[in-house]
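Novice: below is the sequence, then the predicted model.
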Amino acid sequence: MSDWSKIRPTMEKKSQTQVDAEKIRKATRMGVPLSITTYTMPHEIELYIAEVLACFLAEMNQDRLKDYLSYCINELTTNAKKANTKRIYFKERKLDINDPEDYRIGMASFKEDTLSNINYYLQLQKEAGLYVKVIMQVKNKNIILEIRNNSELTKTEFMRIFDKMARSRQFTTLEEALTQILDDSEGAGLGLVIMILMLKKVGLDDDNYQVLVENGETITRIIMPMDLDTQEQLKTLTQDIVGYIDTLPQFPENIAQIEKLLNDPESKLSTIAAHISNDVVLTTDLLKLVNSAAFSLAKKCNNITEAVKLVGIRGIKNLLYSIGSIQILGNTSNEQKHLWEHSYKVAFFSYNLARNFLHNRLVTEDAYVCGLLHDLGKIVFSAMYPELLEKLERVRSTLSIPDKVYQALLAGANHPDIGAALAEKWNFPTSLVLAIRYHHSIDEAPEEYADLVATVCLADLFVHYAEGTIEFYQINPELLKRFKIESEAQVKKVCSTFQKGFEAEQLR
C-alpha cells in the first residue's frame, strides 16, 4: 500500500505532489475539511502538507500564521508517527504498552533500537495500517487544525503530555524553557513546550489546544480564531454590499399582487389562478412544477386552477420567491447561468433528500425553494452594477484592505450573510432566510430549522461530490447520520439516482 494512495486533499492527482489550489480554495470557502493521510511521513509528504497549508491560509488572508502552524504540524505529526512506531516496537518485543513496568522496559531501548532500523519499523507500521492524518478546516470563523493517528494514548502517555503542558505554563520565553532540565527518557519534550509557547505568542491559551482519544484515534486539535482585522475588513465590505441590496427593487408588481391574494384568507383559488394566468413565466413554471416527478400525476395537467389546488398556497409562495429573485437579479450572463444551474440542481437534490429520507412534510415543501436560493448572496455579486464595484474598490483603497480579502469577498466569502440580508429585505419567510444564512454552518442554525438547513447543506455537498469537486471524507459524518446514510457506496447511489432524475426533469 502506497503512502500516496491515502493522501486525500481536494485535488486531482496530476502528479504526486501537485497541489490543486482551486479545489483547496473552494473547500475553504465551503467550510469542509482538507485531509492528508500518510503511513510513514516521508519528506515529500511534509513538503506537500506545507504547500496545502500555505494555500489554505492564503485563502483566508492568514499568511502570518504559516510559520507557527507549520511548526505545530511538524511537531504533532512527528509525535503521532512516533506513537505508531512505539506500538509496533512493543508488539515486536511482546511487551504490553499499557503495563507500567513493560512500558518502562520498552522505553529504555525504544529510541536506540528504532532509530537504528527505522525503515523496518515504518514498513511494519504501514502494513498494520497505522496512519497519521492532518486535517485543516474553517468552522464558525475558527481555523481548526487536527493531527490524528489510530494509536490510542496510554494513561502514562497522557500524563506525560499534560505534565509538559503544565511545565510550559511556567515559561514566558523559549530561553527560559531551554534553561530547564526536562525528562529525557522520550526526548527532552522541548518540542511540545516550544509549540505551546508559540501558540501563546499568537494569543492562544490552553483552551485552544486539546488532546483527546475518540473512536480509536488520538486527536490533537488546535483551534485558532480568525484574526479580528480580517473579520472587520470583511464586515466593512459586507455592509457596503448590504447597502447595495437596499437599492434593489422590491418584487415585480404582478408577483406582489399574487402574494397579497395568497395572504388573504378570503381569496378564491379561481382568482389566484386568474392572476397567475396573466403571467406567462409564472404559468409556465407552475405547470412545469405540477407535472414534474414530484407529483407523479397519472396524466398531464394543463389547467391552472387545478395546478394551484395541487401545489397549494405554500407551494405557490415558494414559486413566487424563486421567479421574483430570477426576474430581479437576472439570468443572462454566463456567470449567472452557471450559478442558477448549480442552484436548480441543489434544489432538486434538496427536495428529494427531504422526501426520501426525512419524511417531514414542512421540510419537503420548503426544501426546493431553499435549495434554489441558497446561493442568493453569490447571485447578488453576479448582478452588481459597475458603479458598486467602483465604490467597493474605493472603500478597499481608503481602508487599506488587503487585495486577498477583497478578492475573497468577490469570490463569495460572506455570501450566506449577504444572501440572507436580501431575503429579509424581500420579506422571505424565516425558514428561507435561515437556510440561506446557515447552509455552510449548520451547527449555528436554530434547532427548529435544523432539518431544513441540513437538507440544503447536504444537497449542496452531494452536488459538489457528484461533480468531483469534493470527496466523500469532506462530508460531515454527523450530517450523513441525520439522513441515515452510512457509507460512500450509499452516497454514490443517491447522487447517481438524483442526477438521473434531474436530467430527466430537464427533458420534460
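Specialist: Received it, and whenever you're ready, just let me know what you need. All of these numbers come straight from a predicted model, not from anything done at the bench. Numbers count the residues shown, from 1 in each chain.
Novice: which helix or strand contains residue 312?
Specialist: Assigned by DSSP states H and E, residue 312 belongs to helix 304-329.
Novice: just residue 87 next, same as before
Specialist: helix 66-92.
Novice: what residues sit buried inside the very next helix or strand once past that helix?
Specialist: Downstream of helix 66-92, the next assigned helix or strand under DSSP H and E is helix 100-116. Of the residues in helix 100-116, 103, 106-107, 110-111, 113-114 count as buried by neighbour count, 16 or more other Cβ atoms under 10 Å. The way it works is simple: take the backbone N, C-alpha and C, and place the C-beta from them, glycine included.
Novice: looking at these, which is nearest residue 383?
Specialist: For the buried residues of helix 100-116, the residue nearest residue 383 by Cβ to Cβ is residue 114; the value is 61.5 Å.
Novice: burial measure for the nearest residue to the closest one once chain neighbours are set aside, as a count.
Specialist: If the residues on either side of it in the chain are set aside, residue 114 comes closest to residue 121, at 5.2 Å by Cβ to Cβ, 6 or more residues apart in numbering. Residue 121 is flanked by 21 other residues according to other Cβ atoms under 10 Å.
Novice: and residue 481, that's in a strand?
Specialist: No - in this structure, residue 481 is helix, not part of a strand, as judged by DSSP: H, G, I helix; E, B strand; the rest coil.
Novice: coming back round to it: pull out the buried positions in the helix holding residue 312.
Specialist: 304-305, 307-308, 310-311, 315-326, 328-329.
Novice: between the helix or strand where residue 166 lies and helix 66-92, how many degrees?
Specialist: Counting by DSSP H and E, the element that carries residue 166 is helix 155-168. Going by axes from the mean of the first three to the mean of the last three Cα atoms, to 10 degrees, helix 155-168 is angled at 150 degrees with respect to helix 66-92.
Novice: which ones are touching residue 399?
Specialist: By Cβ atoms under 8 Å, 6 or more residues apart in numbering, the residues touching residue 399 are 233, 236.
Novice: for it, what are phi and psi?
Specialist: When read as degrees, to the nearest 10, the backbone of residue 399 gives phi -90, psi 0.
Novice: start the count at 47, not 1, going forward
Specialist: Fine by me, first position is 47 from now on; the one you just mentioned is residue 445.
Novice: got the domain ranges for the chain?
Specialist: The record's domain parsing of the chain by automatic domain parsing lists 49-272, 276-553.
Novice: how about the ones you listed in JSON lines, adding mean pLDDT?
Specialist: Shown next, in JSON lines, are these (pLDDT from 0 to 100):
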{"stretch": "domain 49-272", "mean pLDDT": "84"}
{"stretch": "domain 276-553", "mean pLDDT": "85"}
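Novice: related to what we said a few turns ago, would you list the buried residues of helix 146-162 in CSV and tack on distance to residue 481?
Specialist: CSV is the format used below for the buried residues of helix 146-162 (distance: Cβ to Cβ, whole Å):
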residue, distance to residue 481
149, 53
152, 55
153, 54
156, 54
157, 55
159, 58
160, 53
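Novice: out of those, which is nearest to residue 93?
Specialist: Out of the buried residues of helix 146-162, the member with the shortest distance to residue 93 (by Cβ to Cβ) is residue 160, at 23.6 Å.
Novice: mind listing what the closest one touches?
Specialist: Going by Cβ under 8 Å, 6+ apart, residue 160 touches 131, 135, 167.
Novice: correct me if wrong: the first one contacts residue 167.
Specialist: Yes - under the criterion of Cβ atoms under 8 Å, residue 131 makes contact with residue 167 at 5.1 Å.
Novice: which non-adjacent residue is nearest residue 404?
Specialist: Leaving aside its sequence neighbours, residue 404 sits nearest to residue 497 (Cβ to Cβ, 6+ apart; 5.9 Å).
Novice: next up, the contacts around the one you found.
Specialist: With contact taken as Cβ under 8 Å, 6+ apart, residue 497 is in contact with 400, 404, 406, 409, 528.
Novice: do residue 505 as well
Specialist: The contact partners of residue 505, taken as Cβ under 8 Å, 6+ apart, are 392-393, 395-396, 399, 413, 417.
Novice: among those, who's most crowded?
Specialist: Each of the contacts of residue 505 was scored for neighbours by other Cβ under 10 Å, and residue 396 scores highest at 32 neighbours.
Novice: got the angle between the helix or strand containing residue 269 and helix 201-214?
Specialist: Following DSSP H and E, one finds residue 269 within strand 263-271. With the same axes, to 10 degrees defining the directions, strand 263-271 sits at 20 degrees from helix 201-214.
Novice: what residues of the helix or strand following strand 263-271 count as buried?
Specialist: Proceeding N to C from strand 263-271, the next assigned helix or strand is helix 274-291, under DSSP H and E. Using 16+ other Cβ under 10 Å as the test for burial, helix 274-291 gives 276, 279-280, 282-284, 286-288, 290-291.
Novice: circling back: I'd like to know which elements the helix holding residue 358 is packed against.
Specialist: helix 299-309, helix 315-323, helix 326-336, helix 407-418, helix 422-428 (3 or more Cβ pairs under 8 Å, 6 or more residues apart in numbering; DSSP states H and E).
Novice: among these, which comes closest to residue 504?
Specialist: Closest approach to residue 504 among the helices and strands packed on helix 350-375 (Cβ to Cβ): helix 407-418, 10.2 Å.
Novice: with only the CA atoms kept, save that closest one in PDB.
Specialist: Provided in PDB are the C-alpha atoms of helix 407-418 (Å, rounded to 0.1, in the frame of the first residue of the first chain):
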ATOM      1  CA  ARG A 407     -44.000  17.400   5.200                       C
ATOM      2  CA  LEU A 408     -43.000  21.000   6.000                       C
ATOM      3  CA  VAL A 409     -39.300  20.400   5.300                       C
ATOM      4  CA  THR A 410     -40.200  18.700   2.000                       C
ATOM      5  CA  GLU A 411     -42.500  21.600   1.000                       C
ATOM      6  CA  ASP A 412     -39.700  24.200   1.600                       C
ATOM      7  CA  ALA A 413     -36.700  22.200   0.500                       C
ATOM      8  CA  TYR A 414     -36.900  23.000  -3.200                       C
ATOM      9  CA  VAL A 415     -37.000  26.800  -2.900                       C
ATOM     10  CA  CYS A 416     -34.400  26.800  -0.100                       C
ATOM     11  CA  GLY A 417     -32.100  24.800  -2.300                       C
ATOM     12  CA  LEU A 418     -32.800  27.000  -5.300                       C
END
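Novice: that one - contacts with which helices or strands?
Specialist: Checking 3+ Cβ pairs under 8 Å, 6+ apart, helix 407-418 ends up next to helix 350-375, helix 380-399, helix 476-484, helix 496-512.
Novice: what angle sits between that helix and helix 476-484?
Specialist: Relative orientation of helix 407-418 and helix 476-484, computed by the same axes, to 10 degrees: 50 degrees.
Novice: buried stuff in helix 407-418?
Specialist: 409-418.
Novice: now it, how far from the chain's geometric center?
Specialist: With Cα atoms, centre = their mean, to the nearest Å as the basis, helix 407-418 stands 21 Å off its chain's centre.
Novice: angle of that helix against helix 496-512?
Specialist: Using the same axes, to 10 degrees: helix 407-418 against helix 496-512 is 40 degrees.
Novice: what inclination does helix 407-418 have with respect to helix 326-336?
Specialist: 130 degrees.
Novice: any chance you could list what contacts helix 407-418?
Specialist: Contacts of helix 407-418 (Cβ under 8 Å, 6+ apart): 340, 358, 360-361, 364-365, 367-368, 389-390, 392-397, 399-401, 404, 475, 477-478, 481-482, 497-498, 501-502, 505-506.
Novice: pLDDT score assigned to residue 275?
Specialist: Looking at residue 275, its pLDDT stands at 69.
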